[in-house]
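> Sequence plus the predicted model coming up.
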Amino acid sequence: MSLEGKQAPDFTLAGSDGREHTLGEYRGKTVVIYFYPRDNTPGCTKEACGFRDLDQELKKRGVVLLGVSRDSLKSHDKFIRDFGLPFTLLSDPDAAMMTSYGAYGEKVLYGKKSMGVIRSTVVVGPDGTVLRHWARVAKAESHPADVAAFLEKL
């Protein structure tokens, strides 16, 4: 399921910065929302650190970066502290927002099917339309560079 060309689903989620975030508050800005399975796991750490290393470049372009997982805000706080993450992480404990973005559902790991978070990313344009949707990210460590390359073309 690709969301490209469609209106991005709105959401209201608690953020690691102590406030609630909605997609609507970012109208007029480009927003990168990346969905990841779990704080402090190897792939998720590599991906978060990749985005961390691109943070200044993203800010110069006026891009808002948000990471989303089912983890608690307490878990997010530790993840941010441990790796110096300069962006907001949102907590979606019941996976409602992730489900609306196709980032939660059936996945296969080591041949076993299970329900869980699907590593994926959307770039939402200033008008709220999804400009790019990576429905399944295969390589967490190189994905932030792919996102940056896409943003350079905008």
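Here it is on my side, so go on.
> ok now do residue 145, which residues does it touch?
Going by C-beta atoms under 8 Å, 6 or more residues apart in numbering, residue 145 touches 50, 54. The way it works is simple: take the backbone N, C-alpha and C, and place the C-beta from them, glycine included.
> Tell me which strands the least confident helix or strand in the chain by mean pLDDT pairs with, and in which orientation.
Taking mean pLDDT, DSSP states H and E as the measure, the chain has strand 104-109 as its least confident helix or strand, at a mean of 88. Under the criterion DSSP bridges, strand 104-109 sits next to strand 112-117 (antiparallel) in its sheet.
> in the partner strand, what's buried?
116, 117 (16 or more other C-beta atoms under 10 Å).
> Restricting to C-alpha, output it in PDB.
The C-alpha coordinates for strand 112-117 follow below in PDB (Å, rounded to 0.1, in the frame of the first residue of the first chain):
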ATOM      1  CA  LYS A 112       7.900 -16.500  11.000                       C
ATOM      2  CA  LYS A 113       4.900 -14.400  10.400                       C
ATOM      3  CA  SER A 114       3.900 -11.900  13.100                       C
ATOM      4  CA  MET A 115       2.200  -8.600  13.700                       C
ATOM      5  CA  GLY A 116       4.500  -5.700  14.300                       C
ATOM      6  CA  VAL A 117       6.000  -2.400  13.300                       C
END
